[in-house]
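In: With the input below, show me the fold.
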Amino acid sequence: SRSLPVIVLWLCTSLAHAQTVDQVVDSHRGGCTTAGVEGLSEQLVRSHLCAFPGAVSEFTPHPNIELTSGRVHPLGTAETVRAIRAAADRQSLRVTSAFRTLVQQYLLYHEGGCGLAARPGRSNHQTGRAVDLSNYGAARSAMTGRGCTQTYPSSDPVHYDGPGPDMREASVLVFQRLWNANNPGDRIDEDGAYGPQTEARLGRSPARGFGSDLCVATGRYGASFVMQTFPVASAAPIPLYPGEEVIGTLELENSGTEDWTGDTRLAPTPRDGASPLAASDWLSPTRVQAVDG
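Out: Numbering: from 1, shown residues only. Next comes the predicted model:
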């Protein structure tokens, strides 16, 4: 018998508008918005998670964290994600901006109406450490108490920067790899540097996203990692006390050529070994959950 990981969420890209990124910029000339490139932006986030598993994750869902827009990407370094979630355990957070993908920063920089918008590849919001809060005053104690800094308290009080490495180069590299994967006849350098080559291809990219991302695997059966709500194995361990439960979600996407059927299972590691963390709602101590198909 064959046991495979369970699918939790299937992510797809809208094909509603076949526009390039530059055409979206032209339609917003003089404005200041990231609207119109949601498909490509979501694909960049998904590809970032797959390209750097364990180094980045998402800080939602969390019962005390509200994203004020569907275009806010709750992506960050593992250290910043832990800090934000720990702060949210103490104080509700209303997030107006967090990680900006390269294409979002491209729009803000080229539309002309965003004032101090940084050049793509240079914005704090591409570091994976930045978050803007509408309730920044109420959240100050919780945020600073978890290692976050109110970097510009006078000029930009809504803005906080968390701990962890700077992933601006990584955000550029993800786009470069994504472009090359979908344009093998027009490859660009994969160096993480935002220059004329990268800028030109970004402007010509489809706003709805490319045909494939960096999460694609080959073969009949396969699963690609999308995201998880709990810390990865490389992060600090979670202390659990007798009788305590911690609920988390794991999102995987079917990257094989065969459908997942009702026989598909998510298994803990080591495979076929009874997990000491097995809960009462698991299928068995060796199988976590099933998928409908």
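In: going forward, measure contacts and count neighbours with C-alpha atoms only.
Out: OK.
In: which residues does the closest residue to Thr77 other than its chain neighbours form a beta bridge with?
Out: Leaving aside its sequence neighbours, Thr77 sits nearest to Val56 (C-alpha to C-alpha, 6 or more residues apart in numbering; 4.5 Å). Using DSSP bridges, the beta-bridge partners of Val56 come out as Pro53, Thr77.
In: before we move on, what about Leu250?
Out: The bridge-partner assignment for Leu250, based on DSSP bridges, gives Gln228.
In: count of residues packed around it?
Out: For Leu250, the neighbour count with other C-alpha atoms under 10 Å is 14.
In: For Ala139, see how far away Leu283 is.
Out: 41 Å (C-alpha to C-alpha, to the nearest Å).
In: and those two? which has more neighbours close in?
Out: Of the pair Leu283 and Ala139, Ala139 is the one with more neighbours under other C-alpha under 10 Å, namely 20 against 15.
In: May I have the predicted confidence score for the more buried one?
Out: With respect to pLDDT, Ala139 scores 98.
In: Name all residues that make contact with it.
Out: For Ala139, the contacting residues are Ala87, Gln91, Ser92, Leu93, by C-alpha atoms under 8 Å, 6 or more residues apart in numbering.
In: can you do 7 Å?
Out: When contacts are counted by C-alpha atoms under 7 Å, 6 or more residues apart in numbering, Ala139 touches Gln91, Leu93.
In: How about Leu44?
Out: Thr101, Val174, Phe175 are the contacts of Leu44 under C-alpha under 7 Å, 6+ apart.
In: Pull out the buried residues from the helix or strand containing the second one.
Out: With elements taken from DSSP states H and E, the one containing Val174 is helix 168-182. Of all the residues in helix 168-182, those buried under the rule 16 or more other C-alpha atoms under 10 Å are 168-179, 181.
In: quick one on the thing from earlier: please convert the contacts of Leu44 to a markdown table, extending it with pLDDT and distance to Met143.
Out: As requested, the contacts of Leu44 are exported to a markdown table (pLDDT from 0 to 100; distance: C-alpha to C-alpha, whole Å):
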| residue | pLDDT | distance to Met143 |
| --- | --- | --- |
| Thr101 | 96 | 23 |
| Val174 | 96 | 29 |
| Phe175 | 97 | 31 |
